[in-house]
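>>> Generate coordinates for the sequence data below:
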Amino acid sequence: MNFIEDYIYLSDDEIHGGGQVEGEYYKIRYNPVSPYLTTISGNFDLNPILPQGEQGRTVFMLEQNVILDIADGLEMEGESGREFQFIPDFEADPPQSWDKVNISSSVTASTSLEYVMFAGAQNGVQAVGAGGSGPSQILLENCEFFRGGIGMYINNSRFNIINCTFASNGGNTMDNGLFMTNCTAGKVTLNDNLFVNNGVGDTYISAGIYLSSSDPEMIWNTIQDNGGGGIACYSSDPDLNTWDGLNDNPNTIQNNGGLIQTGSDGAEIYLASSSYPDINYNNIVDYDDVFFLPIGYMIYKDDFNNTLAVNAKNNYWGATPSDGFFYWGTGTQAPIDYSSYSGIELSSAEEYAVAMRLWERGEYAESARHFRNCVADTGAVGINSIHYLAGCVGELENRNFRALRGFLQDAAEEHEDDRVAAVAARFSTHCLTELGLYEDAMAEYGDRCDNAGNVQDSIAALIDYLSVAELADGGNIDATGSDTPSQIGKLVRLLQEHNSESGNGLIPDSYMLKNAFPNPFNSTTTIGFDLPDEQHVSLQVFDISGRLVQVLVNERLNAGRFTTAWSADLQAAGVYFYRLQAGSFQQTKKLTLVK
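Okay, the predicted model is just below:
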């Protein structure tokens with residue numbers, strides 16, 4: 001490899017040009033005569049053409065003022081955990097932002113970027129006239145646009161943007177996660193993307209997405225916690241009708257703007273200058289965490305040149321909507337039609353977050369309604385919802401555990417997730433205990449113990465049995481007439497059997513990073529892992545940009561089963577990753593923090 005100038009040229013899996021390898025990074029120097037990184041082209045996969053850090057990522061560190069120029073036909077394909085990253089020069093003092101990514105009119109739809117992160121670009125990613133004449137589009141999939149002055153600027157270009165993250169962008173009050181202009185219908189598709197914590201101002205010009213004369217198709221996107229609002233439309237009609245004829249594909253637009261909002265500031269959707277999009281089958285919510293009342297306007301239709309009605313049917317507003325949720329001008333201005341509002345609900349993760357807020361406020365009846373809906377979900381959301389649902393019923397005046405038992409019995413028989421079904425079955429028996437039917441509860445736990453599919457489940461059922469037996473015996477576990485002593489003997493035998501199967505019962509057979517519980521979580525979650533032998537262990541949490549957030553474990557541990565808690569009180573809501581490394585073993589899983 002010959003370094004000939006202060007830029008590099010990437011083509012056909014080869015590197016030419018200037019700069020130098022420094023540790024885990026490929027340092028890209030700034031040349032004021034030729035500031036472009038000219039050109040990135042060809043086909044890039046995960047072959048070791050560039051130095052890779054310990055996480056397997058290919059990292060470019062760009063000096064101040066460097067411009068990254070994307071050429072036509074580039075195919076840059078990383079994968080989860082092995083991304084291509086373009087980051088600022090963190091070694092400079094102070095750290096410096098690079099200039100921008102340039103996607104020019106010469107770039108056609110043959111170009112695609114997958115698992116590429118652009119962080120700290122002062123002027124973001126800018127595309128003008130890119131994507132050709134259509135109908136194909138430039139593909140951006142699983143990419144991240146992070147901490148730039150603006151996330152991405154698209155002018156008269158064609159893009160299919162899928163599962164990308166636009167986070168913490170905004171250098172001034174006119175910056176957004178995504179700014180789009182002159183992109184008429186059919187040019188841009190936004191599918192399953194996250195726009196979070198973008199914009200630094202509190203007015204609509206700092207919205208997460210700003211559309212000017214642009215009509216993108218939008219489905220499954222999450223737009224939340226952005227400074228000036230969710231989506232701002234100026235002479236734009238984005239396709240926010242997410243019903244495809246068979247199913248809804250809702251966008252979630254929530255909690256944008258500050259805690260105090262007046263007028264158009266912080267509106268979830270702002271409409272101005274003849275913007276009349278159809279807004280159907282979406283989740284549009286903004287409530288405070290204390291009084292659980294709407295903050296600001298869900299949709300704000302500016303008076304200026306916005307005289308026609310807006311169709312906003314079949315959306316979920318978090319509560320029964322009223323005219324106070326909306327603003328549509330004064331005098332003879334046509335209204336916002338928000339009828340048929342009960343046609344959609346929040347996703348399970350979002351509704352779970354709503355239920356947790358209600359639980360924390362002590363509004364158990366309303367909280368129980370939401371937890372009941374979330375039981376239908378799989379994994380942690382379904383399991384946690386059963387726990388909290390039982391807790392809500394216990395706090396209510398009528399304590400209707402008989403009805404809860406019927407609901408949980410149905411869930412135990414019909415749920416698609418065997419883990420949730422097992423918890424539902426256990427708590428349906430718990431309802432018998434709450435009703436004072438101790439003998440019936442003991443009979444069910446005993447039957448579950450005898451017919452469990454494995455020793456661990458037998459042990460869990462037997463422990464439940466003994467807990468009920470203690471209640472039935474008035475707190476005296478050795479009360480005369482009870483068969484508790486024989487059940488304790490059975491428990492000892494089961495433990496001995498479990499020990500003989502797994503060495504000593506505490507030593508696992510293989511390495512494992514367990515699913516965090518709860519997940520999604522609010523504030524604190526527990527992470528477990530197994531070590532079959534002694535190793536130095538590192539357990540770390542990263543944010544969605546790959547930045548290390550916290551080290552939970554960094555020490556040598558004996559073989560065994562371990563758990564640790566992560567308290568994320570000071571972290572922003574969003575997606576995080578936790579990674580276990582023990583010897584040569586490495587595994588990463590995802591966390592979702594909701595607030």
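
>>> To which secondary structure element is the residue nearest in space to the middle of the chain assigned?
Residue closest to the mean C-alpha point of the chain, counted by C-alpha atoms, centre = their mean, is Val575 at 4.2 Å. For Val575, the enclosing helix or strand under DSSP states H and E is strand 574-582.

>>> ok, back up a step: tell me the pLDDT at the closest residue to the residue nearest to the centre of the chain other than its chain neighbours?
Spatial nearest neighbour of Val575, excluding adjacent residues (C-beta to C-beta, 6 or more residues apart in numbering): Ile544 at 4.8 Å. C-beta coordinates here come from the backbone N, C-alpha and C atoms, glycine included. Note for Ile544: predicted pLDDT of 77.

>>> what sits against Ile544?
Neighbouring residues of Ile544 by C-beta atoms under 8 Å, 6 or more residues apart in numbering: Glu144, Phe146, Thr165, Ala167, Leu194, Gly574, Val575, Tyr576, Phe577.

>>> How about Asp175?
If you count contacts by C-beta under 8 Å, 6+ apart, Asp175 has them with Gly124, Gly149, Ile150, Asn169, Asn198, Gly199, Val200, Ser206.

>>> picking up where we left off before, tell me the most packed of the contacts of Ile544, by neighbour count.
Scoring the contacts of Ile544 on neighbours with other C-beta atoms under 10 Å, the highest-scoring entry is Ala167 at 27 neighbours.

>>> Let me see the backbone angles for it.
phi -130, psi 140 (degrees, to the nearest 10).

>>> do the same with Ile386
For Ile386, the backbone dihedrals (degrees, to the nearest 10) come out as phi -60, psi -40.

>>> Please apply the same query to the one 10 residues further on.
Reported as degrees, to the nearest 10, the phi and psi values for Leu396 are phi -80, psi 160.

>>> from what I can see Asp533 touches Ala559, true?
Yes: taking C-beta atoms under 8 Å as the definition, Asp533 is a contact partner of Ala559 at 5.0 Å.

>>> List the pairing partners of the strand holding Val575 within its sheet, with orientation.
strand 535-543 (antiparallel), strand 585-593 (antiparallel) (DSSP bridges).

>>> Tell me the buried residues in the last one?
Read it as strand 585-593. Applying a neighbour-count criterion of 16 or more other C-beta atoms under 10 Å, one finds Phe585, Gln586, Leu591, Thr592, Leu593 buried in strand 585-593.

>>> now swap in stretch 318-334 and tell me
The neighbour-count check on stretch 318-334 (16+ other C-beta under 10 Å) flags Gly318, Pro321, Phe325, Phe326, Tyr327, Trp328, Gly329, Gln333 as buried.

>>> ok so, going back, which of the buried residues of strand 585-593 lies closest to Ser385?
For these, the residue nearest Ser385 by C-beta to C-beta is Thr592; the value is 14.8 Å.

>>> That closest one bridge partners, please.
Val575.

>>> In terms of pLDDT, where does it sit?
Reported pLDDT at Thr592 in the predicted model: 84.

>>> Relative to Val285, how far out is it?
Separation of Thr592 from Val285 (C-beta to C-beta, to the nearest Å) stands at 17 Å.

>>> Same question for Glu141.
Plainly put, Glu141 is 28 Å away from Val285 if you go by C-beta to C-beta.

>>> and those two? which has more neighbours close in?
For the pair Glu141 and Val285, the greater number of neighbours falls to Val285 (25 against 17), based on other C-beta under 10 Å.

>>> Now the closest residue to that one other than its chain neighbours, what are its backbone angles?
Leaving aside its chain neighbours, Val285 sits nearest to Gly318 (3.8 Å; criterion: C-beta to C-beta, 6+ apart). Recorded main-chain torsions at Gly318 are phi 90, psi -20, according to degrees, to the nearest 10.

>>> got it, and Glu75?
For Glu75, the backbone dihedrals are phi -120, psi 100 (criterion: degrees, to the nearest 10).

>>> what number of residues lie near it?
Other residues near Glu75 come to 15 when the count uses other C-beta under 10 Å.

>>> cool, and Gln224?
23.

>>> Same question for stretch 427-439: list its buried residues.
Phe427, Ser428, Thr429, His430, Cys431, Leu432, Thr433, Glu434, Leu435, Leu437, Tyr438.

>>> can you confirm the fourth one is in a helix?
If I follow you right, that is His430. Yes: following the definition DSSP: H, G, I helix; E, B strand; the rest coil, His430 is counted among the residues of a helix.

>>> mind listing what it touches?
Taking C-beta under 8 Å, 6+ apart, we find His430 in contact with Ala390, Ala441, Asp464.

>>> Tell me how far it lies from Gly129.
Between His430 and Gly129 the distance is 63 Å, computed by C-beta to C-beta.

>>> Same question for the third one.
When C-beta to C-beta is the yardstick, Thr429 and Gly129 sit 65 Å from each other.

>>> rewinding a little: make JSON lines from the contacts of Asp175 and add distance to Asn176 to it.
Supplementary listing: these in JSON lines, determined by distance: C-beta to C-beta, whole Å:
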{"residue": "Gly124", "distance to Asn176": "9"}
{"residue": "Gly149", "distance to Asn176": "10"}
{"residue": "Ile150", "distance to Asn176": "6"}
{"residue": "Asn169", "distance to Asn176": "7"}
{"residue": "Asn198", "distance to Asn176": "6"}
{"residue": "Gly199", "distance to Asn176": "6"}
{"residue": "Val200", "distance to Asn176": "10"}
{"residue": "Ser206", "distance to Asn176": "7"}
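
>>> Which one of those sits in the busiest neighbourhood?
Neighbour tally across the contacts of Asp175 (other C-beta under 10 Å): the maximum, 33 neighbours, falls on Gly199.

>>> Going by secondary structure, it is in what exactly?
Using DSSP H and E, Gly199 sits in no helix or strand.

>>> Okay, it and Gly149: tell me how far apart.
From Gly199 to Gly149 the distance is 11 Å (C-beta to C-beta).

>>> Can you check which residues contact both of the two?
Common neighbours of Gly199 and Gly149 (C-beta under 8 Å, 6+ apart) are Asn169, Gly170, Asp175.

>>> Could you dump these into TSV and include secondary structure and pLDDT?
Shown next, in TSV, are the shared contacts of Gly199 and Gly149 (DSSP: H, G, I helix; E, B strand; the rest coil; pLDDT from 0 to 100):
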residue	secondary structure	pLDDT
Asn169	coil	91
Gly170	coil	87
Asp175	coil	86
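
>>> Tell me the one of the residues you listed nearest Ser214?
Proximity to Ser214 was ranked across the shared contacts of Gly199 and Gly149 by C-beta to C-beta; first place goes to Asp175, at 16.9 Å.

>>> Quick one, grab the pLDDT at the nearest residue to Gln581 once chain neighbours are set aside.
Residue nearest to Gln581 in three dimensions, not counting chain neighbours: Ser538, with 4.5 Å by C-beta to C-beta, 6+ apart. According to the model's per-residue confidence, Ser538 sits at a pLDDT of 93.

>>> All the strands of the stretch 251-400 of the chain, residue numbers only.
Here the stretch 251-400 of the chain has its strands, by DSSP state E, counting those that start in this stretch, at 252-254, 269-272, 279-280, 283-285, 299-301, 310-311, 326-327, 336-337.

>>> Need these in TSV (columns: distance to Gln261).
Converted to TSV, the strands of the stretch 251-400 of the chain look like this (distance: least, C-beta to C-beta, whole Å):
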stretch	distance to Gln261
strand 252-254	14
strand 269-272	11
strand 279-280	19
strand 283-285	14
strand 299-301	10
strand 310-311	20
strand 326-327	11
strand 336-337	17
